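*Asks:* Need a 3D model of the following:
(2 chains)
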Amino acid sequence: MKRRTFLVFTSALGLSSYVQAKENSHFEKQFKTVEDIISAVQEHFFPEESKIPSAESMNLTRFLFHTVSHKSYDRDIRAFVIEGAKELQKREKTFLFLSSQEKEISLRAYEETGYGSNWLSRIMILSMEGLFSDPIYGANIKEGGWKALNAYGGFPRPKTRYIDV
Amino acid sequence: MLMEVFPDQRQGILMYDVVIVGSGASGGAVAYTLCKAGYKVAVLEKGRLLKREDFSKDELAYCRRDLVTPSLFDEYHTIEEKVDGVWQTTPTHESGWSFWNGNIVGGSSNFMSGMLHRLHPDDFRLKSKYGDIKGANIVDWPISYNDLEPYYTLAETLVGISGHYEKHPYEPPRSTANFPQPPTKENAVVKLFDKSCKALDIHSLVTPRAVLSQNIPGRDACYYSNLCGSYGCSSGAKGSSREALLKPALATGNLTLMSNSYVKYLHTDKKDKVDHAVVVHTITGKETKIEGKIFVVAAQAHESSRLLLNSANKHHPDGLANSSRQLGKNLLFSGGGSGQGELHQDSLKEIKFEDLMTTGLFVNRSVLDWYFVDHWWDGTFKGGSVEFMFEHQNIITRARQDNYKEGKMLWGTALGEHVIKRFTNYKNIRFEIFNDWLPNDDCFVALDPTHKDKYGMPVGKLRLEGHPQDVKVGKYIAQKCEKILEEMGAKNIYSSISSGAAQNLVAGGCRFGNDPKTSVLNKYCQAHDVSNLFVADASFMPTGGSVAYTWTIYANAFRVADHIVKTLALR
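*Replies:* Numbering: from 1, shown residues only, chains lettered A, B, ... in the order given. Predicted coordinates:
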C-alpha cells in the first residue's frame, strides 16, 4: 500500500497518532545508539575552551534530536544523521575514549571522505542552529550563543516553536 | 476584522462579481479597487492566514524551514537544465531549489524588503530604442509610461511608500513633487557611501521603500528590527498586500477571503467565458466550485501560466486563452548578481565604528547612473540599477559563512575565534544588481508530463536559460560597484554575476500586446480569447526592465482593476 494511502487509511480509523508515536519511538531507540558519539563530535566542535559556549552547556544534542525527529524534517537527512554516526563508530570503535588530539586526527580522517565531510557538515549545521536559534527551541541557553557574538534575535521573539504549529 | 470562511460555512452567495486567484500584491490591489467600488469579490488563497500578531523574527522557522512555503514533497516544480548538451529535468524536492516565495495571505509581499523602483519610460519601448538583439524576443509594450504613471503614484499612498525624490537623468518623471512619507532612518554608513560616490562622480540616490516611516491609521511605522526581508512585519509598516489592501477591502464588507483554498483549474462551458473555479480546501480536501462574472488570475507569474495551462479543455486544448501559443513563454527573471565588501574597524573612514555597528537602521541607497549606457568606448546598451544594503542580518546564516581554512572545516577554538571576529570586527556592505533578463525561447514554464502535486495537478516545468547579454551587463555594472566599495575602504571585495534565475523575481508568461497572434493578453491584461478572464500579476510583462517588479505589479494591478470596474459597470 502506498505510504500516503496508508496514512489516510489509518487516520480514518483514528490510528495515525498511534502510528506516528510508533515511528517516533523507533527513531528514538535508533538515536540512543548513536547519541553519545554525536554528542562527542558536537563537544569537539564547541569545546569548553572555545569563545563560543560549549555544546554541552547549550544543550545541543537534545536540540539536534528534537529537530531531526520532527515529522517535517527531511527523512533522508534524518537517516543520514544516524548512518553517518554509525559509520564513525565503525571506523573508530573507541572514539569516546580518545584524547582531544586523537579525536581531531580521527575526525580529520573522516573528513577526507566525501561521505564523512557531508556528515560532519550536517552535524555542524544542526549545532549552529541550536547555538544561535531562539532559546524557545531548547538550546542557546540563556542566550549564551547570542551573547558570545554580541548579536541577538530580533523582536518580537517567537511565542511558539515552528515544530508545534 | 479579518474573516476567514469557506463557501459551505456561509449562507447565500457562491456567485461573485469577481473571483481572484491569489492574495499577493496584484490580487490585493484588484480586490481593494473592486470592493471599494461596491462589487462582491472572492479571493482564493491557497496558503493560510498569518496575521500581524502571529509574526516573529524566528530565523529557524521563517528562513530555515518551510513555515510559509509548501513542503517540496507536496508541491514543487521541475527544472529543465542543459547538462552536457542534453536537457535534464530535476524535481525541486530533489534539488531543494524552491520556487515558492511565500504562500500565505498576502503572498510574497509579506516577506519582501520593499526596495521599490518605477520602470523608466524607455523600458516600455526597448525594441524601438535598441532594436533587436539576436536570440532575444524583445518587443515594445502596448502601453506607455504615462498610462501607468498615475497608478505608480496611487500605490505610493495606498501601499505606503517612503522616500525622497531627487532629480536624475534616468529617474522616471513623477506627477507629484515627492513621496507621501520621508525616508526611513539610515545608518551612519550612508555618510561614507555618499562621500565615496561623490569622489567617483557617481550620483547616489535614496531608495524608495514600501515601509512606513510614520504611523498611519491602522499601521505603525517601522521599528527598525534589523530583520526586514524574509520576515513578516510586526508593526504593519511593510506595504504587504495583506496590511495595505486586503484589510481595507475586508472592511468594506464586500470581500470574501478564502484561505487554504487551492485552485485546481478554471472551467469554461463556452469558448470565451470562464464560469467557475474548481477549488480544493487544503486541509479537509473538500472540493467545491466558485462562480463569478469575472475571473482574475494573480498567482505569481510562473503559477498563473501553469493554472491556465492546467485549465485546458475541449474549447482550449492548448491551455486556457492560448490561441497565440505564447502562454508560459518568455518567462523573465532578473539579470545581475551581487557583491560585497567588509568594513573593518581598523580601517574605517569618515564614521565611528560603533555607529556602523548600530543595528536596525537601513542603508537605502541606489545608483541609476548605469541604467542606460551610452559611452564612446563601452558602447550603447541597456544597463541596470543597483541597490546597496548591509548583508542580511540573520545570525545563523552569518555564523555559518566561510568557515573553512585550506579546504578544511573550522571547528573547536579556531572556529570560535573566527565566528566572533566576523560579528565584532567588521560589517559587510553589499550590492545587488538588477538588469534586464532578456526574454528568450529557452525560458518558459510548461506542464510537466509526469509530475503532479499532492492535489493531482501537473506541476510547472521551468526552463530557465538566460541570454549572454544579461551576464555582460551584470559584469559591467559590478566593476563599477566594486570601485565604490574600494573608495569606501572596504576589504575583501568580491562580486558574483550569474546567469541563474532568481526565483523571487519572476515575471512574464502571458505577455500583453495588441495582436492576439503574438500575445496572450490585451493592453488591459484581459485574455484575447476569453473575455471575462484577466491576469493581474507580473505575467503580463513582455520585457522586464532593470528593477525589481513589485511596484510595477502593484501599479499595473490598480490600472487593470480600474478597467474591470468600467467593464462591470457596462454590463
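*Asks:* Now find how far off-centre the helix ranked longest in chain A is within its chain.
*Replies:* Counting residues, the longest helix found in chain A (DSSP state H) is helix A:16-45. Taking the mean of its C-alpha atoms, helix A:16-45 sits 9 Å from the chain's own mean (C-alpha atoms, centre = their mean, to the nearest Å).
*Asks:* what does stretch B:326-346 give?
*Replies:* How far stretch B:326-346 lies from its chain's middle: 13 Å, per C-alpha atoms, centre = their mean.
*Asks:* same question, stretch B:211-221
*Replies:* Distance of stretch B:211-221 from its chain centroid, counting by C-alpha atoms, centre = their mean, is 22 Å.
*Asks:* now stretch A:132-151
*Replies:* Relative to its parent chain, stretch A:132-151 has a centroid offset of 16 Å by C-alpha atoms, centre = their mean.
*Asks:* can you give me the end-to-end distance of that stretch?
*Replies:* Terminal residues of stretch A:132-151 are spaced 9 Å apart (C-alpha to C-alpha, to the nearest Å).
*Asks:* List the buried residues of it.
*Replies:* Residues of stretch A:132-151 classed as buried: A:132-140, A:144-146, A:148-149, A:151 (neighbour count, 16 or more other C-beta atoms under 10 Å in any protein chain shown). Heads up, the C-betas are built off the backbone N, CA and C, glycines and all.
*Asks:* now stretch A:64-75
*Replies:* Within stretch A:64-75, the residues that qualify as buried are A:64-69, counting by 16+ other C-beta under 10 Å.
*Asks:* same deal with stretch B:525-540?
*Replies:* B:525-530, B:532-540.
*Asks:* just those now: which is nearest chain A?
*Replies:* Distance to chain A, by C-beta to the nearest C-beta, is smallest for B:D537 among these, at 27.9 Å.
*Asks:* quick one, what contacts that closest one?
*Replies:* B:22, B:24-27, B:297-301, B:304, B:553, B:557 (C-beta atoms under 8 Å, 6 or more residues apart in numbering or on different chains).
*Asks:* pretty sure A:S127 is in a helix, no?
*Replies:* Yes - applying DSSP: H, G, I helix; E, B strand; the rest coil, one finds A:S127 inside a helix.
*Asks:* Tell me the spacing between it and B:L415.
*Replies:* Using C-beta to C-beta, to the nearest Å, A:S127 is found at 10 Å from B:L415.
*Asks:* Between the two, which contacts overlap?
*Replies:* Each of A:45-46 lies in contact with both A:S127 and B:L415 under the rule C-beta under 8 Å, 6+ apart.
*Asks:* More neighbours: which of these two?
*Replies:* For A:S127 and B:L415, the more surrounded residue by other C-beta atoms under 10 Å in any protein chain shown is A:S127, and the numbers stand at 25 against 22.
*Asks:* Isn't that one up against A:S54?
*Replies:* No - contact criterion C-beta atoms under 8 Å: A:S127 and A:S54 do not qualify, at 10.8 Å.
*Asks:* low pLDDT regions in the chain?
*Replies:* With no chain named, the answer covers chain A. Across chain A, the ranges flagged by pLDDT under 70 are A:1-21, A:23, A:165.
*Asks:* Sorry, I should have been clearer: chain B.
*Replies:* Across chain B, the ranges flagged by pLDDT under 70 are B:1-13.
*Asks:* Check it for the residue nearest chain A and tell me.
*Replies:* B:K57 (3.2 Å).
*Asks:* was I right about that residue contacting A:Y152?
*Replies:* No - B:K57 is beyond contact range of A:Y152, at 9.9 Å (criterion: C-beta under 8 Å).
*Asks:* Next up, the contacts around the spatially most central residue of chain A.
*Replies:* The centre of chain A sits closest to A:L64, judged by C-alpha atoms, centre = their mean, with a distance of 2.3 Å. For A:L64, the contacting residues are A:38, A:42, A:81, A:123, A:126-127, A:130, by C-beta under 8 Å, 6+ apart.
*Asks:* Quick check: it vs A:S100, distance?
*Replies:* Distance check for A:L64 against A:S100: by C-beta to C-beta, it reads 21 Å.
*Asks:* quick one: which of the buried residues of stretch A:132-151 is nearest to B:A446?
*Replies:* For these, the closest approach to B:A446 (C-beta to C-beta) belongs to A:S133, at 39.5 Å.
*Asks:* one step back: which among the buried residues of stretch A:132-151 are in contact with chain B?
*Replies:* Among the buried residues of stretch A:132-151, proximity to chain B is found for A:132-134, A:137, A:146, A:148-149, A:151 (C-beta under 8 Å from any C-beta of the partner chain).
*Asks:* Need the nearest residue in space to A:F65, chain neighbours excluded.
*Replies:* Distance criterion C-beta to C-beta, 6 or more residues apart in numbering or on different chains; nearest residue to A:F65, sequence neighbours excluded, is A:F31 at 5.7 Å.
*Asks:* Oh, that last question was meant for B:H93, not what I typed.
*Replies:* Spatial nearest neighbour of B:H93, excluding adjacent residues (C-beta to C-beta, 6+ apart): B:L72 at 3.8 Å.
*Asks:* For chain A, which segments are assigned as helices?
*Replies:* Along chain A, the segments classed as helices by DSSP H run A:3-12, A:16-45, A:60-69, A:75-91, A:100-112, A:114-132, A:144-149.
*Asks:* Turn these into CSV, including distance to B:I564.
*Replies:* Output for the helices of chain A, formatted as CSV (distance: least, C-beta to C-beta, whole Å):
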stretch, distance to B:I564
helix A:3-12, 40
helix A:16-45, 45
helix A:60-69, 47
helix A:75-91, 46
helix A:100-112, 61
helix A:114-132, 47
helix A:144-149, 50
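*Asks:* Tell me which of those helices sits nearest to B:Y145.
*Replies:* Nearest of these to B:Y145, taken as C-beta to C-beta: helix A:114-132 at 46.1 Å.
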